[in-house]
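> Kindly generate the corresponding structure for this input.
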Amino acid sequence: MDIDKLPDLELVADDFEEGAHEKLDRGIRDRFPLVNPAPWRQNAAFILTTIAKESGGRLLVKYHSSTECEKLLHSNTTVMNMILDGPKHGYKNLRLLKLLRAEPVLKRDKHIKLPPYLGWEENYVGGAADALWAHIQTWSNERYFYPKYSAIVQSSGMGKSRTVDEMSKSHLVIPVNIQQPESSGHPPRDGPAYDYLHTLPTIVQQDAFRRSCSFLHALFLEAALLLENINERPAAGPFRDYMNQGMQFGSNGEGRTTFYEAVKANAEAIYSTTYSKYQHRLDYEEEILSYHRSPLREAFRKLGTALEDQSADDKSLAKRQKMDSESQSSQCPSVILAFDEAHTLTGVGPSEDGSWSRFSELCRAIRTLRYEPLFTLFISTSASLFSVTPNPKRDSSSRVIHAGDIMVPFCDLGFDQFVAPVDFSKTVTISQITSKEHLAAYGRPLWRPYYQSWVTGNAMEFTVHKLLGDISNRGQTLSPEQKLACLSERIPIEFLSVSPISDLEKALVTSHLRVILKAGRSLETLVTMSPSEPILSLAAFFMTRQASFNPPLALQKILDGFAVHVGDLEQLIVALLFTMARDEAVEPTDERCPPLNYYRWCSLTELLTSLFCTPPSASNDHVDVVTSRGWRFMSSNTQLLESSLADTFNDSKVYFTHFVKVHEHVPIQVEFLMRLMARGAAILCPNGPGGVDGIIPFLLKGEEIKPDNIGVIMFRVTNDARYTHIPKADLLRAMNPRSLGVISRSADVPVIRIVFALAAATPRLALVQHESTNQAEEGYMTYDFWAAGLSPHLLVPVVEGENAWSHILKASCGWKETYSGDTELREKLRKSMNPGAAADREFWESWCKDVPL
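Numbering: from 1, shown residues only. Sure thing, here's the model as predicted:
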């Protein structure tokens, strides 16, 4: 077939490593041997699904679904012909087909050179290893919990493998790393294990099951042999040392390499001598799955014997040896299997309903050992790990599984393990908290070793590389998914709680460092977030400042195309305005890392003049912010201040790189604000007292961070059309910095308060006037502004002729879209169908008289 003559065919530049296509093609041919064209055509969707899943994230995530692949093949004969031509010419062109790629196509970065993984040389910090062992104990002792396995699922760099390694110092863990050949993560892959588990002699599901059994069988026997040669007691630590000895970035030591070469060779032999005899028997699964007759059980018992011989003086193990099989199931496991990068086995098999994968068959093989003191961990960044589960009709013991009791994941790995808490009893300066050493300590444990071993430019480039999904940013336009990842590091974008979880949310965890906060059973539900991580916020800043990145347009497309939570969207609008103003005010970036002088702060007046336009001539409808005067509130009256904002804040500094959404109001108090400033975080507030929607702390003067030097910008946002260009002074007075505790009671630090009336039809930036009242309140100084509308004449980040801001604003009133109709009558009737839901007359007039509107 002449591929150059195919219609709608456009290929991208080859971004695979040398030899990768040939190796991937061999795997496809092994799994889908060509018998005759008819079955090949029937399997086309599963072939395309496998190609998509094994292409290192280069193809669109939606083609991981066989249903989506079937739709494509039905409508596009070009792709179908390329699959049919695959046995002869290979599948390289499919992997490079722009039609299947995320737009625009991005190249894998060949410039990033990774240093030795110094993080594993650091002392382990945190309690995740103990929590993991407790998790294993809990689900080993759960009598109604059928499968004795769990998944450690979390985004990259959170310490999944390191936590298991730490646990292996005191509990026997057999590590198996089956990451893909082109991957560069640490710990390194066990090539023989990967090759054996990914190679199937036929495309029959039974072969995947038998091959899983033979691999486990050989693994247990080799581990038993190794234990017999270990003289130290207990054996867990020495076993771990043997597996880790000589390990470097990208390669294992000689001992572990030899171990898995032996496992692979023995597995091939065991497959032929032990498991292939069941090939033509209809009852082969019953034979293997039978607990008392299972050859796999006997192999595990040999490992158990070797372990008990090593611990013969352990009374608990001697006692366990006497227990019957069912009572053993309630004991803590003596052996932990740990499959790292387990998601590489999840490619769907070529069955009609896509109901099996190598991973699901491995799980079935492990379940034959359900009464043994064995627990298995599957370590992965993929939230789709359990998307393919065995067909219950093929599992004779499936009746034991209770609804929902499939797998309980473990995600709680902790954060900020390397942070040396800032001691505010001593002098702390803004220069200290903006240094690369300070910033790199926050967040996941991945960052600190890289920033200690690299110059800042290379380290920042690596951080950007990780945020974008291990893809280069060099001259490339970002995909919507990558833009969402970048924006989420600056402003708190949340997903709707839906089941099943969206493919996008899964992809952000897998490829873009979004953190799983909580996971439901079998990963059916997730709560994810992009937490406060200063280094990632700076990487996102670097990307959002690229000429091709338009933040409001990106946010608009995110709201249109993805299942994100739009509640309190008006808060995000103002947070994005402030973030863009901050980016404009700090020093300019070079081509690799922000900013040139590494100050990551700006003056308060620079921030405000980068947010609000300076008028040619100030007026009541458009004031010059920095020349405006403030107010002093006292217990008995209110006085206009003599000094301008510029004079009052002439030495004030603002440092924030991102916003965090807090759950309650305690963190808005000054003692918390100064600590959040240490990680470059401003705050979006929950609904509550004072109506404050956001707070940005700043230093009044100098560089020292202390309570009596912390001032704040407090803002309130409304998208209610009742709030017009006419200021409402009571809204500002409600944001009382003394009663809310946002400034120190012992200091006379002035604040800035702003109300953004986004829905106002008439743009205006006004200085709010106050009158004296008899209301007693503690004294404070403030500069108060009323910003009406989203006008490019008032707001610097809003560009003339750009509709993205108004589109986002409309989305923040999403409920109104529900009631919009083709005619006024239809809109009226639709509103009448939900009585009392809003203040519009149509919600009331059909059932109320004298509506007070």
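> rest of the way, CA atoms for contacts and neighbours
Fine.
> low pLDDT regions in the stretch 601-750 of the chain?
688-690 (pLDDT under 70).
> Over to the stretch 51-200 of the chain?
Applying pLDDT under 70 to the stretch 51-200 of the chain flags residues 53, 56-57, 61, 64-66, 102-119, 142-146, 200.
> can we see that at 50?
Filtered on pLDDT under 50, the stretch 51-200 of the chain yields the residue ranges 103-116, 144.
> ranges for the helices of it?
For the stretch 51-200 of the chain, the helices defined by DSSP state H, counting those that start in this stretch occupy 66-75, 77-84, 86-89, 92-95, 128-140, 160-167, 191-198.
> what's the closest of those to residue 175?
The closest of these to residue 175 is helix 160-167. By Cα to Cα, the value is 8.5 Å.
> packing partners for the closest one?
Packed against helix 160-167 by the contact rule (3 or more Cα pairs under 8 Å, 6 or more residues apart in numbering; DSSP states H and E) you find helix 128-140.
> Return the helix it packs on as PDB; C-alpha atoms alone will do.
C-alpha atoms of helix 128-140 as PDB (Å, rounded to 0.1, in the frame of the first residue of the first chain):
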ATOM      1  CA  ALA A 128       4.100   7.000  54.800                       C
ATOM      2  CA  ALA A 129       5.900   3.700  55.100                       C
ATOM      3  CA  ASP A 130       4.300   3.000  58.400                       C
ATOM      4  CA  ALA A 131       0.900   4.000  57.100                       C
ATOM      5  CA  LEU A 132       1.300   1.700  54.100                       C
ATOM      6  CA  TRP A 133       2.100  -1.300  56.400                       C
ATOM      7  CA  ALA A 134      -0.900  -0.500  58.500                       C
ATOM      8  CA  HIS A 135      -3.000  -0.400  55.300                       C
ATOM      9  CA  ILE A 136      -1.700  -3.800  54.300                       C
ATOM     10  CA  GLN A 137      -2.400  -5.200  57.800                       C
ATOM     11  CA  THR A 138      -5.900  -3.800  57.700                       C
ATOM     12  CA  TRP A 139      -6.800  -5.400  54.300                       C
ATOM     13  CA  SER A 140      -5.000  -8.600  55.100                       C
END
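> I'd like the distance between the residue lying closest to residue 101 once chain neighbours are set aside and residue 160.
Computed as Cα to Cα, 6 or more residues apart in numbering, the closest residue to residue 101 that is not its neighbour in sequence is residue 59, at 4.6 Å. Here residue 59 is placed at a distance of 26 Å from residue 160 (Cα to Cα, to the nearest Å).
> before we move on, back to that, assess the claim that the residue nearest to residue 101 and residue 94 are in contact.
No. The pair formed by residue 59 and residue 94 falls short of the contact definition of Cα atoms under 8 Å, at 9.6 Å.
> Can you check which residues contact both of those two?
Counting by Cα atoms under 8 Å, 6 or more residues apart in numbering, the residues touching both residue 59 and residue 94 are residue 100.
> Within its local environment, how many residues does the residue nearest to residue 723 when sequence neighbours are not counted see?
Distance criterion Cα to Cα, 6+ apart; nearest residue to residue 723, sequence neighbours excluded, is residue 757 at 6.0 Å. Neighbour count for residue 757, taken as other Cα atoms under 10 Å: 27.
> ok, now residue 830?
When neighbours are counted by other Cα under 10 Å, residue 830 comes out with 17.
> now swap in residue 800 and tell me
Neighbours of residue 800 under the rule other Cα under 10 Å: 10.
> Quick one: the helices in the stretch 601-750 of the chain, in order.
Ranges of helices in the stretch 601-750 of the chain, per DSSP H, counting those that start in this stretch, are 604-611, 645-648, 670-677, 729-733, 737-740.
> Output the second one as PDB, restricted to C-alpha atoms.
The reference is to helix 645-648. The C-alpha trace of helix 645-648 is given here as PDB (Å, rounded to 0.1, in the frame of the first residue of the first chain):
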ATOM      1  CA  LEU A 645      -1.300  55.200  48.400                       C
ATOM      2  CA  ALA A 646       2.100  55.600  46.700                       C
ATOM      3  CA  ASP A 647       3.500  57.400  49.700                       C
ATOM      4  CA  THR A 648       2.100  55.100  52.300                       C
END
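> Tell me how far that helix lies from the chain's centre.
Put simply, helix 645-648 sits 42 Å off its chain's centre (Cα atoms, centre = their mean, to the nearest Å).
> List the buried residues in that helix.
By neighbour count on 16 or more other Cα atoms under 10 Å, the buried set for helix 645-648 is 645, 646, 648.
> Would you check how far apart the last one and residue 701 are?
So the one you mean is residue 648. Residue 648 is 10 Å from residue 701, where distance means Cα to Cα.
> do the same with residue 27
Separation of residue 27 from residue 701 (Cα to Cα): 65 Å.
> now residue 85
Going from residue 85 to residue 701 by Cα to Cα gives 71 Å.
> Likewise for residue 746?
Using Cα to Cα, residue 746 is found at 16 Å from residue 701.
> Quick check on these two: which one has the bigger neighbour count.
The neighbour count for residue 746 versus residue 701, taken as other Cα under 10 Å, is higher for residue 701 (16 against 8).
> Cool, thanks, signing off.
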